[in-house]
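1. Let's see this in three dimensions:
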Amino acid sequence: MRRFYWYIFIVVIAFITSQCANSISPPQGGPKDVRPPEVIETTPKNGSPNFKGNKFTVSFDEFVKLDNVEQSALISPPMKKAPDFRVKGKAVQVKFNEELKPNTTYSVYFGDAIVDITENNPISNYTYIFSTGDYVDSLSLYGNVKNAFNLTPVEGAFVMLYKDNNDTIAFDSLPYFVVPYYLSKTNIEGKFQFTGLSNDDFLLFSLLDQNSNFIFDQPGEQIAFLDSLIHPSFISMPNKDTINADSIVNIEIESDSILIIKDSIAKSIEDKIIEKNSVDLFMFLSPDTIQRILKAEVLVKNNIRFSFSQSAKNVNFEILSYPMNDSLFVEEYSIDEDTLIWHLNNPPIDSLELLLTQYNDTLGTIYLKLDPEKKSARLKKKDKDEEKKEFLTWKSNVAANKLDINKHLEIIFGQPLVKFNDIDSSLLIAGSDTIWNPEFYFSDSLNMKINFPFDLLEDTKYQVFFPDSAFTSWNNIHTEAIDIKFSTLPLKDYGILTFNLQPNKKQNYIFQLMNDKEKVLREELFNKDTIITFEYLKSANYLFKIIYDNNNNGVWDPGNYGLKIQPEGVIYYLKEVKVRANWEIEEDWGF
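-> Numbering: from 1, shown residues only. Modelled structure (predicted):
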């Protein structure tokens, strides 16, 4: 422990020294105040039993103010009427506007709402505790709320504790119907704390509350929960007044600097104690149990996209405005089937009215204009001579005129194709070689994607050309001339990375290679000790993630509170890996 004190001491001394060095410059009004207000007295005393009256006062060693106290302050157990918070010089007074419960321990958590008036230094996480009974509950609970998918801290989430004290509602159903018995809120680091807890078992639940009613009642509310009851514990925190900071080393230090050192050491010890006794909650958006139509929109002419809260495979579409048959549209579902695109074949109507049902339940009626760019009759007449010919849209997998050597060229069209006009002038140029009428094939069932099966060569320039009207869609729209130019990199510009993966448990896993923005670039599945090699990697920093694929469906799944299923776990490799051109790197990951 003495070595730990020494480390903290050195860090603080370095900071103080830098401040002193800066003071050699012309006077700037003295050093900046960085110390938060300090509590010198509370009335009644913080932690008192047998609380009487309806207010308490906290006095400080300097003038203070309240910063966003309505959003920061939390009271447990929650009250129906918010108390009044008032500043009186160097003191904050809290007055309750409803009768307090008998034999109950209350905690008033201020968060960072109390700051000094000069530099806005907050007294962080200050809590006032009192009891209306003969004793004060003194147990505590600390923890973290993290996003279940990427493990980032979740700020502003309510954390709730429930007692099993309801005779009519099942214990694990309480978050759906009643407000919690104790309430906390996460800070910017995703941390939360409860103090003044009773000696009971609790249901622990966290909620990003959309309507601020402390009840899980909205489909878009993210949640986290512990799947077993939790019992708080007594946690003793260090008292900075007992830390003899000036005796750590034999050196003369100013009294203000000693206070800073004591604060820093006490805070560091406190953080370690909290970390050791913290529980982690993983927040997710629970699957919607009710089918809903989220959005229906015309993307471009002859393309309609429907978005649903669940798989749309069993949704029935009844067309009210026109008897359309299968020859007038085809369907394209997303991978998880919750998004559906209709590709229309020039229906002879300007609008479409649909009735959507599923299992005899009505989802809604939708009205859509089929051509969002179509102008009114007056404007149409005015711009008749300016109308441009409509062409079939397309895109390719070439980016910035480059295509990786391990890929094939692909072209994706905006509508299903019905005809390729086999014109002799289509060609492929690979370096100095020219191939007329290059081979390609359709890689999807709707005839919207074509793939060129030729293998790319390193450090080579390519050109693929199709003349005007080479492709025709099923609504008789043709392509303009297609001219794609790209090149490949030399092999020496790529790196190779090999991972030796060593799980301590045999199960299904998903291994993801990502860029520094966490975009998944490549993905591999495994279920035991394995070696995975990534070739043709460009020089860059890469991140790596493993998903515990518990249900073996090849994707990450969120949890389900109703079924008491936690979200699938994820872990990150502890460091970014720098891949260099023409290098081979090997990493070991045991987990």
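2. Let's see the pLDDT reported for N582.
-> pLDDT for N582: 96.
3. so how far is I496 from it?
-> Computed as Cβ to Cβ, to the nearest Å, the N582 to I496 distance reads 9 Å. Yep, even glycine has a C-beta here, placed from its N, CA and C like the rest.
4. Report the contact partners of the residue most central in space within the chain.
-> Most central in the chain under Cα atoms, centre = their mean is N147, positioned 5.6 Å from the mean C-alpha point. Applying Cβ atoms under 8 Å, 6 or more residues apart in numbering to N147 gives the contacts P153, V154, F282, M283, F284.
5. So which of these belong to strands?
-> Of the positions in the contacts of N147, F282, M283, F284 sit in strands, assigned by DSSP state E.
6. Let me see the contact set for the nearest residue to the first one once chain neighbours are set aside.
-> Excluding its sequence neighbours, the residue lying closest to F282 (Cβ to Cβ, 6 or more residues apart in numbering) is A148, at 3.8 Å. Contacts for A148 were tallied using Cβ under 8 Å, 6+ apart; they are A224, F282, M283, F284, P558, G559, P567, V570.
7. One more pass at 6 Å, please.
-> F282, M283, F284, P567 (Cβ atoms under 6 Å, 6 or more residues apart in numbering).
8. Looking at those residues, spot the one nearest T118.
-> Nearest to T118, judged by Cβ to Cβ, of the contacts of A148 is M283 at 37.1 Å.
9. So for that closest one, what's the pLDDT?
-> pLDDT at M283 comes out at 98.
10. isn't it right next to L208, touching?
-> No: look at M283 against L208 with Cβ atoms under 6 Å: they stay out of range, at 7.0 Å.
11. any residues in contact with both of those two?
-> Joint contacts of M283 and L208 (Cβ under 6 Å, 6+ apart) are Q222.
12. Please parse this protein into its domains.
-> Split into domains by automatic domain parsing, the chain comes to 293-385, 394-489, 492-590.
13. Buried members of the ones in strands among the contacts of N147 into PyMOL, please.
-> Restricted to buried positions by 16 or more other Cβ atoms under 10 Å, the PyMOL selection for the ones in strands among the contacts of N147 reads:
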select buried, resi 282+283+284
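14. Which one's more surrounded, N582 and I496?
-> I496 (15 against 12; other Cβ atoms under 10 Å).
15. Given whichever strand or helix holds the more buried one, what are its sheet partners and their directions?
-> Using DSSP states H and E, I496 maps to strand 494-502. Here strand 494-502 has these sheet partners by DSSP bridges: strand 530-538 (antiparallel), strand 584-590 (parallel).
16. Could you list the buried residues of the shortest one?
-> Spelled out, that is strand 584-590. Buried residues in strand 584-590, counted by 16+ other Cβ under 10 Å: I585, W589.
17. Return the distance of it from the chain's centre.
-> Centre-to-centre, strand 584-590 and its host chain are 28 Å apart (Cα atoms, centre = their mean, to the nearest Å).
18. go on, stretch 337-345?
-> On Cα atoms, centre = their mean, the centre of stretch 337-345 falls 28 Å from the chain's centre.
19. Repeat that for stretch 517-533.
-> For stretch 517-533 - counting by Cα atoms, centre = their mean - the centre lies 21 Å from the chain centre.
20. So which bits of that stretch are buried?
-> F526, I532.
21. got it, and stretch 61-76?
-> E62, V64, L66, V69, S72, A73, L74, I75, S76.
22. Now, these that are in strands?
-> Using DSSP E, the buried residues of stretch 61-76 in strands are V64, L66, L74, I75, S76.
23. which residues touch the second one?
-> Read it as L66. Going by Cβ under 6 Å, 6+ apart, L66 touches F85, V87, A113.
24. Tabulate the residues you listed in a markdown table, adding columns for neighbour count and distance to T365.
-> Below are the contacts of L66 laid out as a markdown table (neighbours: other Cβ atoms under 10 Å; distance: Cβ to Cβ, whole Å):
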| residue | neighbour count | distance to T365 |
| --- | --- | --- |
| F85 | 18 | 49 |
| V87 | 15 | 55 |
| A113 | 22 | 48 |
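25. so where do the strands sit in the stretch 251-400 of the chain?
-> For the stretch 251-400 of the chain, the strands defined by DSSP state E, counting those that start in this stretch occupy 278-285, 293-300, 303-308, 316-319, 329-333, 339-344, 351-358, 361-369, 394-396.
26. And for D433, the neighbour number?
-> Neighbours of D433 using other Cβ under 10 Å come to 9.
27. Quickly note the distance from it to T357.
-> 57 Å.
28. can you check K95 too?
-> 55 Å.
29. Low-confidence regions, the stretch 201-350 of the chain specifically.
-> 237-267, 270 (pLDDT under 70).
30. try 90
-> 210-213, 217-220, 234-277, 286-290, 299-302, 319-329, 335-336, 346-350 (pLDDT under 90).
31. which strands and helices sit next to the next helix or strand after the strand holding I496?
-> Going down the chain from strand 494-502, the next helix or strand is strand 509-514, by DSSP H and E. Strand 509-514 makes packing contacts with strand 520-526, strand 540-548 when contacts are defined by 3 or more Cβ pairs under 6 Å, 6 or more residues apart in numbering; DSSP states H and E.
32. how about TSV for those strands, with distance to D455 and mean pLDDT added?
-> Output for the helices and strands packed on strand 509-514, formatted as TSV (distance: least, Cβ to Cβ, whole Å; pLDDT from 0 to 100):
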stretch	distance to D455	mean pLDDT
strand 520-526	19	97
strand 540-548	24	98
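33. so which of the ones you listed gets nearest E373?
-> strand 520-526 (34.6 Å).
34. so what pLDDT did the residue lying closest to L100 once chain neighbours are set aside get?
-> Nearest residue to L100, sequence neighbours excluded (Cβ to Cβ, 6+ apart): T132, at 5.2 Å. If you check T132, the pLDDT there is 96.
35. Same check on K101?
-> For K101, pLDDT reads 94.
36. Equivalent analysis for N68, please.
-> Taking N68 on its own, its pLDDT is 89.
37. Equivalent analysis for E386, please.
-> Confidence score, pLDDT, at E386: 54.
38. do the same with the one 4 residues further on
-> If you check E390, the pLDDT there is 86.
39. Contact partners for it?
-> So E390 contacts I477 (Cβ under 6 Å, 6+ apart).
40. Return the backbone torsion pair for it.
-> phi -90, psi 130 (degrees, to the nearest 10).
41. mind checking how far it is from L370?
-> According to Cβ to Cβ, E390 and L370 sit 14 Å apart.
42. ok, of the buried residues of stretch 61-76, which one's closest to E119?
-> E119 lies nearest to E62 out of these, by Cβ to Cβ, at 10.3 Å.
43. Pretty sure that closest one sits against I117.
-> No: using Cβ under 6 Å, E62 is not in contact with I117; the gap is 7.8 Å.
44. Just the CA trace of stretch 286-296, in CSV.
-> The C-alpha coordinates for stretch 286-296 follow below in CSV (Å, rounded to 0.1, in the frame of the first residue of the first chain):
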residue,chain,number,x,y,z
SER,A,286,-35.4,-5.9,-26.2
PRO,A,287,-37.1,-7.4,-29.3
ASP,A,288,-40.5,-5.9,-29.9
THR,A,289,-43.1,-8.6,-29.1
ILE,A,290,-45.8,-6.8,-31.2
GLN,A,291,-45.7,-6.6,-34.9
ARG,A,292,-45.7,-3.0,-36.1
ILE,A,293,-45.3,-1.2,-39.4
LEU,A,294,-42.5,1.3,-38.6
LYS,A,295,-42.2,3.0,-42.0
ALA,A,296,-43.3,2.8,-45.6
